[in-house]
Each structure stands twice: as structure tokens, then as C-alpha cells.
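Colleague: Predicted coordinates and the sequence they were generated for:
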Amino acid sequence: MIKTQQIKVTTTGSAGSATGAGITDSAVTGKILALYINYHASTPATADLTITERKGSTDIQTIWTETNSTTDVVRYPNTPAQDNAENAVTYDGTNEIYIPFVTDSKIRASLAQADALTDAVVVEVRYDDGR
């Protein structure tokens, strides 16, 4: 079943250097299908967004980054498949095979180089919980 969770990031600090982070209310369990990224109209174009999988207080892998962008967009993050020796699996020795991120953790969004804004960015995580 396809589900969604929203992350709202409010930033604090000086114009152009404000930062903030938000996290899903509960764990996202399944395959991440899409990220809907919606910036506040006043978020400056210098903003850098990082979306990570988080266990406890530690970011364990980066799912997506947007640098110097405030364009509202839908992204479809994937990761290279790996074999048992941790090598990327390829079609032909060159072209990697990509698969969706699989997670059972909370998802965190952090924004840097922004202005102080409520909901400077809102990220909707769409995922398939396998049901």
C-alpha cells in the first residue's frame, strides 16, 4: 500500500545562513518511491536540502540532496544495487542497476543557507509499505 509522511522544516538564524531540520513522526517502513519537495516562496535560491535515513540521532545514509535550489519538484531517489562483496551490480560492467531505497527508519530533512522561515521547505515522502 502506498503511504505518505510529511516533514516540515522551519529555519532559524540570519538571512542566507539560517538552518533547520525536521523528521517524520514515525518510521517509514518500505521502499521510498518519491519525494515531493515544496519550498516556501521566500526561501532563498542559496538553500541546500539534505534528506537522510535516521536511526536514533544518527543519519545513516543520504537519500537525496538539492543544492542551491528552491524549485518545487518531485524526485524519485534510487540507489545502486550491490552484490555480496559490496560492488555495484551492472548490466554490462559499466551501467549500474538502480533500486529504490528500502528503510525502516525515520526520514530527516535538513535545510541550510536559508532565511528564517516557518515551513521553509515541506517534504512529502511517498513510500510502499509492501501491503
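Modeller: Arrived safely.
Colleague: I'd guessed residue 70 sits against residue 43; true?
Modeller: Yes. Using C-beta atoms under 8 Å, residue 70 is in contact with residue 43, at 4.7 Å. C-beta coordinates here come from the backbone N, C-alpha and C atoms, glycine included.
Colleague: how much space between the residue nearest the centre of the chain and residue 39?
Modeller: Central residue of the chain (C-alpha atoms, centre = their mean): residue 51, 2.8 Å from the mean position. Residue 51 sits at a distance of 13 Å from residue 39 (criterion: C-beta to C-beta, to the nearest Å).
Colleague: With residue 49 instead?
Modeller: Remark: distance between residue 49 and residue 39 (C-beta to C-beta) = 8 Å.
Colleague: Touching both of the two, which residues are there?
Modeller: residue 121 (C-beta atoms under 8 Å, 6 or more residues apart in numbering).
Colleague: quick one, what contacts residue 27?
Modeller: 103, 104, 105, 106.
Colleague: Which of these fall in strands?
Modeller: Judged by DSSP state E, the subset of the contacts of residue 27 located in strands is 103, 104, 105, 106.
Colleague: Narrow these to those that are buried.
Modeller: When those are checked for burial by 16 or more other C-beta atoms under 10 Å, the buried set is 103, 105, 106.
Colleague: wait, which of those is closest to residue 29?
Modeller: Nearest to residue 29, judged by C-beta to C-beta, of these is residue 103 at 7.0 Å.
Colleague: Pick the one among the contacts of residue 27 closest to residue 21.
Modeller: Nearest to residue 21 out of the contacts of residue 27 is residue 106 (C-beta to C-beta; 11.4 Å).
Colleague: show me the contacts for the closest one.
Modeller: So residue 106 contacts 23, 24, 26, 27, 28, 53, 54 (C-beta under 8 Å, 6+ apart).
Colleague: Would you mind giving those as JSON lines with distance to residue 1, secondary structure and pLDDT added?
Modeller: Shown next, in JSON lines, are the contacts of residue 106 (distance: C-beta to C-beta, whole Å; DSSP: H, G, I helix; E, B strand; the rest coil; pLDDT from 0 to 100):
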{"residue": "23", "distance to residue 1": "22", "secondary structure": "strand", "pLDDT": "98"}
{"residue": "24", "distance to residue 1": "17", "secondary structure": "coil", "pLDDT": "97"}
{"residue": "26", "distance to residue 1": "15", "secondary structure": "coil", "pLDDT": "96"}
{"residue": "27", "distance to residue 1": "15", "secondary structure": "coil", "pLDDT": "96"}
{"residue": "28", "distance to residue 1": "13", "secondary structure": "strand", "pLDDT": "97"}
{"residue": "53", "distance to residue 1": "20", "secondary structure": "strand", "pLDDT": "97"}
{"residue": "54", "distance to residue 1": "23", "secondary structure": "strand", "pLDDT": "96"}
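Colleague: Nice, that's everything, thank you.
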